[in-house]
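**Student:** here is a sequence together with a model predicted from it:
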Amino acid sequence: MSRLIKVLGTGCPKCQQLTALVEEVVSENQLDAKIEKVEEIADIMKYNVMTTPALVVDEQVKLKGRIPAKSELLEMLKA
């Protein structure tokens, strides 16, 4: 089953970094996932997130305000 991964952020360098890392981990591990970028503040607020970047996997907030290690990110995406 394909996972829906959303990167929440307004396009700041850390948001771009998280997006690139997610794409890399999905590609390297051949995960079945769809990646979306959510950049509108109103849409980000729906997730009750005040600090970006944030990561949402299948509508669950997994991470806020930091860039995870590659191994940590893989665990979040596989869980």
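**Tutor:** Cool, the structure landed. None of these values were measured; they are calculated from a predicted model.
**Student:** what about residue 15, how many neighbours?
**Tutor:** By other C-beta atoms under 10 Å, the residues close to residue 15 number 20. (C-beta placed from N, C-alpha, C; glycine too.)
**Student:** just confirm it contacts residue 22, I think it does.
**Tutor:** No. Assessed by C-beta atoms under 8 Å, residue 15 is found out of contact with residue 22, at 10.8 Å.
**Student:** ranges for the helices of this protein?
**Tutor:** 13-28, 41-45, 70-78 (DSSP state H).
**Student:** got the angle for the longest one vs helix 70-78?
**Tutor:** By that I understand helix 13-28. 70 degrees (axes from the mean of the first three to the mean of the last three C-alpha atoms, to 10 degrees).
**Student:** list the buried residues of helix 13-28.
**Tutor:** For helix 13-28, a neighbour-count test (16 or more other C-beta atoms under 10 Å) marks 15, 18, 19, 21, 22, 25, 26 as buried.
**Student:** if we can go back for a sec, JSON lines please, covering the helices of the chain and showing mean pLDDT and distance to residue 56.
**Tutor:** Converted to JSON lines, those look like this (pLDDT from 0 to 100; distance: least, C-beta to C-beta, whole Å):
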{"stretch": "helix 13-28", "mean pLDDT": "97", "distance to residue 56": "11"}
{"stretch": "helix 41-45", "mean pLDDT": "95", "distance to residue 56": "10"}
{"stretch": "helix 70-78", "mean pLDDT": "94", "distance to residue 56": "10"}
